[in-house]
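Novice: how would this look folded up:
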Amino acid sequence: MTKTYTFGDILRSPRTSDSRVLIPVGPRAGGADRGGTDLRTAKYLTILCCAWLAAGALALAQEGHPLKGSWLGTWEGNKTHGNDIVLVMNWDGKAITGMINPGTDNIAIKSATLNPEGWLVHIEADAKDKSGAVVSYVIDGKIENLAFANRSIVGTWRSQREKGAFKASRQ
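Specialist: All right, here's what the predicted structure looks like:
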């Protein structure tokens, strides 16, 4: 017959002079001695956790270009195209491309640059107003909170008619 040890058995176990508990050693509950199963389980869990952490690090490392993605924000004082702005930008390995307000005003980004010294962003785009006249936009800003996925571009925008503050955060 095998003995099953409970938490109460451990609490009632004799103690040494430095308060260490002497835990009874013997067969496990249910009568089966599992040998090194606990050690194998611990090794398996350690390997699994390391693999999970490595996969997470690789996912972050492959985030891509700092401007790539969808950005929501405002260009304050823009009477021609409204205060709210949506930018969708992509990096093809050579150039930054994209669209401002896709689906509504569809302003193609003519050129965009990113200077890694200071993380300065420069975007140029040509749009049309309601009468069909060309409105040229220039957005200059700086990336804030670069290390975070929800980074922001903060700066100014201007056209031949208006200018104002600009802020967009990546989604």
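Novice: Pull out the buried residues from stretch 65-85.
Specialist: 66-69, 71, 73-75, 78, 81, 85 (16 or more other C-beta atoms under 10 Å). Where C-beta positions appear, they are placed from N, C-alpha and C, glycine not excepted.
Novice: Report the separation between the closest residue to Leu87 other than its chain neighbours and Ile107.
Specialist: Distances taken as C-beta to C-beta, 6 or more residues apart in numbering place Trp71 nearest to Leu87, at 4.1 Å, with adjacent residues excluded. Counting by C-beta to C-beta, to the nearest Å, the gap from Trp71 to Ile107 is 13 Å.
Novice: what sits against Leu146?
Specialist: 66, 119 (C-beta atoms under 8 Å, 6 or more residues apart in numbering).
Novice: again, only this time at 6 Å
Specialist: Trp119 (C-beta atoms under 6 Å, 6 or more residues apart in numbering).
Novice: Roughly how far does it sit from Asp38?
Specialist: 45 Å.
Novice: Spatially nearest residue to the most centrally placed residue in the chain (excluding sequence neighbours)?
Specialist: The residue lying closest to the centre of the chain (C-alpha atoms, centre = their mean) is Ala149, at 3.4 Å. Leaving aside its chain neighbours, Ala149 sits nearest to Arg170 (6.8 Å; criterion: C-beta to C-beta, 6+ apart).
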